[in-house]
Every structure is written in structure tokens, then in C-alpha cells.
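Engineer: Okay, sequence plus prediction incoming.
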Amino acid sequence: MTTLLERYGLYFSWLVSIMATGGSLYFSEVRHFIPCDLCWFQRILMYPLVILLGIASYRNDRHITGYILPMSLLGWLIASYHYFIVERKLLGAVESPLCRPFAPCDAKWIEWAGFITIPFMSLVAFTLITFFMLFVRRATRHPAVEASTP
């Protein structure tokens, strides 16, 4: 018997990637926040996931995890680094060589509930996608034997 996450992990990942992409476009195109270089790297890794996960969901292609996991893990690493730069109090004064004056990496464009920033939302999105993909991968590697009823 497969779990809900094993069965619908592709769809959940696709929905997360759609929301993350939509959110990043909203902040840059509607709110006119200038993305820094780290934001661009995260976008480069997130935007293709909408297409790849959409096609995989439509085709129920569970072998896509081999392509999605490296992208989501790399995105997770960049988002973690970016979040720690924004929350300098966690690491002391941190200067990234990628920060530029007109698009600073440490700018807090938003801060909801005292800790939710744009890099934090990206970190959550990449975490969820990775989490869902691990369940999909587990279901692919160890398919459950379901009893058929006559």
C-alpha cells in the first residue's frame, strides 16, 4: 500500500514549484524588488522544475527524481546560504562576494512573523520538493505489492 506522499508526491512538488515561481515573479514584477545574484541562482534552479515536474506529473514519470533531486538539493544549499546571509545575527557579520550595491543579497525586502523572508520561502520550497521527491523515489525503488480483490 502506497502512502499519500508516495502516490501524489509528483503533484505536490509541481504545486510547490508553481507557487515558488509565481511568488518570485510577483516580488520582482509586481512589487519591483530587485533580485540579487543568489536569487537568480535559485530561480535558475526553480523555474525549470515547473516544466519538468508538470510533464512528469502528467505522464506519472516517477523516474524524474534522478533529475529533480540534484536541482532541488543545489537550490536548497543556495537558499540556506542566502538565508544565513540575510539573518546575519546567526553567523555574525557575513559578506558574500556575490552581493552588489544595487541588488544586495542581505536586503530584507519582507519580514513576516519576524523570520519569513524571501530566501526563507525559497528554502522551504526547495525543502518540500526534496522531501516529496524522496518519497516518490522510495515508491519507485520499492514498489508496494497491492493485493487485488477478485
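Structural biologist: That came through, no problem.

Engineer: Tell me the helix or strand right after the helix or strand harbouring L77.
Structural biologist: Secondary structure from DSSP states H and E places L77 in helix 65-86. The C-terminal neighbour of helix 65-86 among helices and strands, as given by DSSP H and E, is helix 118-141.

Engineer: So which elements touch that next one?
Structural biologist: Applying 3 or more C-beta pairs under 8 Å, 6 or more residues apart in numbering; DSSP states H and E, we find helix 118-141 packed against helix 4-25, helix 37-59, helix 65-86. In short, each C-beta sits where N, CA and C put it, glycine included.

Engineer: Rebuild those helices as a markdown table, extending it with distance to M133 and mean pLDDT.
Structural biologist: Compiled in a markdown table, these are given as follows (distance: least, C-beta to C-beta, whole Å; pLDDT from 0 to 100):
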| stretch | distance to M133 | mean pLDDT |
| --- | --- | --- |
| helix 4-25 | 6 | 94 |
| helix 37-59 | 9 | 96 |
| helix 65-86 | 5 | 94 |
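
Engineer: Please dump the ones you listed into JSON lines; it should also carry distance to P97 and mean neighbour count for every row.
Structural biologist: Rendered in JSON lines, the data for the helices and strands packed on helix 118-141 read as follows (distance: least, C-beta to C-beta, whole Å; neighbours: other C-beta atoms under 10 Å):
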{"stretch": "helix 4-25", "distance to P97": "23", "mean neighbour count": "19"}
{"stretch": "helix 37-59", "distance to P97": "9", "mean neighbour count": "18"}
{"stretch": "helix 65-86", "distance to P97": "11", "mean neighbour count": "20"}
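
Engineer: Which one of those helices lies nearest to R141?
Structural biologist: For the helices and strands packed on helix 118-141, the distance to R141 is smallest for helix 65-86, at 9.3 Å, taking C-beta to C-beta.
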